[in-house]
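Trainee: Generate coordinates for the sequence data below:
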Amino acid sequence: MSFKVSFLVNAVPKYRNAFYRKLIEESGFDVKIFCHSGSVSGLTDYHDRLHDNVRVFPYLKIGREWMVISFIPILRLLRSCDLLVVEGNPRYITHLLIAIYCLAFRKPVILWTMGHSFRNIRWAKKLRLWFSSLFDFVMVYSDFEVEDFSNYK
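Mentor: Model prediction:
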């Protein structure tokens, strides 16, 4: 029986494709990626290249993705994995609620977020750092962000 890891993310853009492919092919884990359908945040979607490992679901965006609500089969997602990696963008309300649920009910979870965003609004960064500090495990994109998060805790 293989260890099951699920990712809950907005999209599978080109720059993440190699990461997912390597994880699927070389880790020995049973990897599933739950993502939105179509192009999200102006990113070209590459989820079709990962075939059976991707579960696509619709979403509703308010404004220009100021807030996003995902129509995801939550129970299937939570039951299908031993570890959940959740994208930590606070605009994705459903992702946020699922991450909080995992914390509350001690479901193993890793928050995948960024310390530095495109706009890098001061209050938004503080909110992101505070929210991330609630989690035992946080995955970020760079060494600079690791240092940023470490300094906050």
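
Trainee: Now for the residue nearest to the spatial centre of the chain: which residues touch it?
Mentor: The centroid of the chain falls nearest to residue 87 when counting by CA atoms, centre = their mean (1.9 Å). Going by CB atoms under 8 Å, 6 or more residues apart in numbering, residue 87 touches 7, 8, 9, 10, 95, 112, 113. C-beta coordinates here come from the backbone N, C-alpha and C atoms, glycine included.

Trainee: following the helix or strand encompassing residue 75, which helix or strand shows up next?
Mentor: Counting by DSSP states H and E, the element that carries residue 75 is helix 74-79. Once helix 74-79 ends, the next helix or strand along the chain (criterion: DSSP H and E) is strand 83-87.

Trainee: buried sites along the helix or strand just after that following strand?
Mentor: Reading on from strand 83-87 to the C-terminus, the next helix or strand found by DSSP H and E is helix 93-104. By neighbour count with 16 or more other CB atoms under 10 Å, helix 93-104 contains the buried residues 94, 95, 96, 98, 99, 102.

Trainee: on contacts alone, who are the packing partners of the helix or strand just after helix 93-104?
Mentor: Of the helices and strands lying after helix 93-104 in sequence (DSSP H and E), the nearest is strand 109-112. Contacts defined by 3 or more CB pairs under 8 Å, 6 or more residues apart in numbering; DSSP states H and E place strand 109-112 against strand 83-87, helix 93-104, strand 138-139.
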